[in-house]
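Participant: with the sequence up front, the predicted model follows.
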Amino acid sequence: MNSDKFDRVVLDLLYGELDELTSAAAKRHMEQSARAREIYAHFKATRQLSVLPTHAPPADFETTLLERERGALAELPFHHRIGRIVSMLAGYAMRPQLIMGALLLLMIGSSLMFLRARPGQHSAVQVTERGAPEADVDLVLPLAPPNEPRAQAHGVFQAAIGSATGSPSSSKPQEALSKLTPAGQPGPVGALADADAGAGLDPFDQAVAVYRAGKYGEAQRLFERISRTGGQRAPEAALYSAQAIRNASGCALAVSRFDRVRLRFPGSGSAYEAAWRAAKCLHQLGDVESARQNYESLLQVASHAEQARNALQALGGTSIAVGGNDSTAQTETTADVSADTQALHRPSPAALEAEVGDEREREDGTPAERAAPHVPEPSALGVDASVPHPPATE
Amino acid sequence: MGKSTVTPAEVSDEALMLRYQRGDRSAFAMLVRRHQVNVYNFVLRELGSALPADQIAQEVFLGVVREGARFNYETRFATRLFSIACRLVRQERDCTPARRILQGEPGGPESGMSGLGSAGDTLEDSIVRAVDDLPDEQKDVFLLREVADLPFSEIATVTQQSENAVKVQMQHALQRLRVALQNFDEYRRALR
C-alpha cells in the first residue's frame, strides 16, 4: 500500500469499515510510514473528542407525533389509501394459515366432486325387498279342515273373503280367521297351539300346522314333499308351498312358484288361486301388465271373477293415477327396475313349461295330460269336485 | 440519553415497517421510539435551534407515513428515514437561512455560546460550535456519520453523492474540527 491509497482508506480504517485484508495492509503501511501514522493519529484524536452532546426530544414528542400520524393517514390521497389496503390484504393473504386453509378447502371440494353420484344412469335408488311384510303374512288364511265337505268349506271361505275384502273395517286377518273356523273346532290360534301335538295328523295337516306356526321354510319343504308325491291334495300343497315361499322370501321368488302351480294343475281351484296370488305379487312388484293379464284370465273363473274385476278396476285407476302424475319418467324407471328385478328371479315361460312337464311326467304324467291346455276352461269354473279347497284370498 | 440500540432479539426496522403497512400502528410507535433521539439530534444539530427541530423531526416521521405505501425495501429503513430528514432540513435551511445565527439565543440547546475558541470555552462548547460552523455539505456528512451512525455508502445514498466524495467531505470536516480542538489539552493527550 502506498500513501495515496492510504489516504483513500484512512477514514474507513478509522470507522472500522475496512475489510481485514486491507485493514492489515493499512496497519503495515502505518508501521513503515511516519506520515501515515501522524494522519491517522490526528483523525483518531479528533474523532475521540468530537462527541456531540445528545439531547432528548420533548416529552410529548411521541404522543404528538402519533396523533399527527393518525391525521396524516386520514389525509392520504386515495391511491395511497388503496395501496395501503392492498398491502394489508396481501399481508393477510400471504399468511401460511390462510394458505393451508385454502388448500384444505380445495382438497375437500375436489374429493366431493370425485365422490358425488354419477347422474343420469340410475338416479333412482334400487331396493330389493326380500321376505313379505308382516301384515301380508298375517293375511294368509288357512285351509278349511279336510274332513269338512268341500263345498261347505268353500262357501265359508268365500263368505270370509267377501267380509274381509268387502268392508275395510273388517279387513283384519284375525276376523277372517275366526269366520273361517267352524264352531266347536279350534281356530287358527288353537291350531298353532296344537302344532306341536300334531303327531297323529296326516302329513298335510302337519304341514298346515307348521305353516300356521309361521315356520314357512319347514312348511314349504313339507308341502313340496306332499306335492311331489301326488295325490288328491297335491295341488293344494303346491299352492301352500308357493305361499310359504312368498311369506318367507317375498313376491319376487314366489311368482314363479305360483305360475308353476297354475301349469301343473290347470283348471283346479288351486291353479286359479295361484293365478290370483301371482297377479297380486306381480302388482306389488310393479309388473302391471303381467298382473293385468293374470287378472283378466280370472275374469272367467266364477270364484275369482268378482275379485279380478275389482282388482282390474283398481289397477286401471292406478294406471290412470300414475299416468297423470308429473313424475311419469320416475314411475317408468321404477317399473323398469322392478321388471328387471323380477326377471332375475322369474324363469322364462318356456323353461317353466319344461320344468312343469318334467315334474308332471315324474308324478303320473301322461301325454294327454301334458297336452292339457293351461288356460282355464269355462266349464271348469266354479266348484270342481276334483279341486281341493283353495286357500282363501287375502 | 444515547442512541437507540437494536438488539438482535428485536424485530428489524424493515419488519416493523412491513407490519405498519399492514395496518399495525403499534409497529410505527416502536419505530418512533427506536429512532426519535437520532432524528431529533440530527435535525437539532443541522438547524441549531430546538424550536423547529421538534416540528421538523415529527415531519420526518410523518414523511415515512406518507411514503409508507411506496416504501422501498432495497434500502434500510434508517437510510430512508434520514433521506427524508436531509430533504426537510435543506428545505428549512433554504427557507430560513438566518436561523443559523440564532444558535446562541436564549432557550437554544447551547445558549451562551458565541465566537470560536473563546477564552473559557469548554471542549464541548468548542466542538458544538465547530460542528455548527462546518459548511452544510461537510456538516451533513459529519452528522450522518456521527449522529445517525450511517456508513459512508449509505451517506452517499442519502446525500446523493459518490462514496469518495462523501469521504473527502468527511476528511475536510475532521480537519476543521481538529483546528478547533488542537488547543485543548485533551486533544494533545489523545494524540499520545
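Facilitator: Looks like it arrived, so ask away.

Participant: which intervals of chain B have sub-threshold pLDDT?
Facilitator: Under the criterion of pLDDT under 70, the regions of chain B flagged as low confidence span B:1-9, B:50-51, B:69-70, B:96-120.

Participant: give me every residue that touches the spatially most central residue of it.
Facilitator: Among the residues of chain B, the smallest C-alpha distance to the mean C-alpha position (CA atoms, centre = their mean) belongs to residue B:42, namely 2.4 Å. If a contact means CB atoms under 8 Å, 6 or more residues apart in numbering or on different chains, then residue B:42 has B:82, B:85, B:89, B:143-144, B:147-148 as its contacts. Heads up, the C-betas are built off the backbone N, CA and C, glycines and all.

Participant: ok, residue B:36 next?
Facilitator: Residues near residue B:36 by CB under 8 Å, 6+ apart: A:57, A:61-62, A:65, B:4, B:57, B:61.

Participant: so residue A:36 touches residue A:30, yeah?
Facilitator: Yes: proximity of residue A:36 to residue A:30 meets the contact threshold set by CB atoms under 8 Å, at 4.6 Å.

Participant: spit out the residues that contact the two alike.
Facilitator: By the contact definition CB under 8 Å, 6+ apart, residue A:36 and residue A:30 are jointly contacted by residue A:6.

Participant: if we can go back for a sec, for chain A, see how far away the residue nearest to the centre of chain B is.
Facilitator: With distances taken as CB to the nearest CB, to the nearest Å, residue B:42 is found 10 Å from chain A.

Participant: any weak-confidence spans in chain A?
Facilitator: Scanning chain A with the threshold set as pLDDT under 70 gives A:117-200, A:317-394.

Participant: ok, which stretches of chain B are helices?
Facilitator: In chain B, the helices defined using DSSP state H lie at B:13-21, B:25-47, B:50-66, B:77-95, B:123-132, B:136-146, B:152-159, B:163-181, B:185-191.

Participant: give the buried residues for the first one.
Facilitator: Spelled out, that is helix B:13-21. Buried residues in helix B:13-21, counting neighbours by 16 or more other CB atoms under 10 Å in any protein chain shown, are found at B:13, B:16-21.

Participant: gap between that helix and the chain center?
Facilitator: Averaged C-alpha coordinates place helix B:13-21 at 23 Å from its chain's average position (CA atoms, centre = their mean, to the nearest Å).

Participant: please apply the same query to the last one.
Facilitator: Its chain's C-alpha centre lies 26 Å from the corresponding centre of helix B:185-191 when counted by CA atoms, centre = their mean.

Participant: just the buried residues of that helix, please?
Facilitator: So helix B:185-191, judged by 16+ other CB under 10 Å, has buried residues B:187, B:190.

Participant: and it, does that touch chain A?
Facilitator: Yes: with CB under 8 Å from any CB of the partner chain as the measure, helix B:185-191 is seen reaching chain A through B:186-187, B:190-191.

Participant: taking those residues together, which two end up most distant?
Facilitator: B:186 and B:191 (10.0 Å; CB to CB).

Participant: for residue A:207, which non-adjacent residue is spatially closest?
Facilitator: Excluding its sequence neighbours, the residue lying closest to residue A:207 (CB to CB, 6 or more residues apart in numbering or on different chains) is residue A:222, at 3.6 Å.

Participant: how much space is there between the one you found and residue A:98?
Facilitator: According to CB to CB, to the nearest Å, residue A:222 and residue A:98 sit 74 Å apart.

Participant: one more: residue A:64?
Facilitator: Computed as CB to CB, the residue A:64 to residue A:98 distance reads 37 Å.

Participant: quick one, which of these two is more surrounded?
Facilitator: Between residue A:64 and residue A:98, counted using other CB atoms under 10 Å in any protein chain shown, residue A:64 has the larger neighbour count: 14 against 11.

Participant: what's the helix or strand for that one?
Facilitator: Secondary structure from DSSP states H and E places residue A:64 in helix A:61-74.

Participant: burial measure for the spatially closest residue to residue A:246 that is not a sequence neighbour, as a count.
Facilitator: In space, and not counting its chain neighbours, residue A:246 is closest to residue A:254: 3.3 Å by CB to CB, 6+ apart. Residue crowding around residue A:254 was assessed by other CB under 10 Å; the count is 27.

Participant: where does residue A:254 land in three-state SS?
Facilitator: Look at residue A:254: counting by DSSP: H, G, I helix; E, B strand; the rest coil, its state is helix.

Participant: my guess is it meets residue A:240, correct?
Facilitator: No: counting by CB under 8 Å, no contact exists between residue A:254 and residue A:240, whose distance comes to 11.7 Å.

Participant: from what I can see residue A:238 touches residue A:271, true?
Facilitator: No: shown here, residue A:238 and residue A:271 do not form a contact pair, counting by CB under 8 Å, at 9.2 Å.

Participant: list residues touching both of those two?
Facilitator: Once CB under 8 Å, 6+ apart is applied, the residues that residue A:238 and residue A:271 both contact turn out to be A:261, A:264-265.

Participant: in helices only, show me the residues you listed.
Facilitator: Per DSSP H, the subset of the shared contacts of residue A:238 and residue A:271 in helices is A:261, A:264.

Participant: thinking again about what came up before, which residue, neighbours along the chain excluded, lies closest to the residue nearest to the centre of chain B?
Facilitator: With CB to CB, 6+ apart as the measure, residue B:147 is the residue that lies nearest to residue B:42, at 4.8 Å, once sequence neighbours are left out.

Participant: number of residues surrounding residue 23?
Facilitator: In the absence of a named chain, chain A is used. As a burial measure, residue A:23 scores 15 neighbours (other CB under 10 Å).

Participant: you answered for a different chain; I wanted chain B.
Facilitator: Per other CB under 10 Å, the neighbour tally for residue B:23 reads 15.

Participant: measure it to residue B:166 for me?
Facilitator: Relative to residue B:166, and taking CB to CB, residue B:23 is found at 37 Å.

Participant: so who does residue A:27 touch?
Facilitator: Residue A:27 touches residue A:13, counting by CB under 8 Å, 6+ apart.

Participant: also residue A:294?
Facilitator: Residues touching residue A:294, when contacts are defined by CB under 8 Å, 6+ apart, comprise A:275-276, A:278-279, A:282.

Participant: correct me, but residue A:219 touches residue A:207?
Facilitator: Yes: in this structure, residue A:219 is within contact of residue A:207 by CB under 8 Å, at 5.5 Å.
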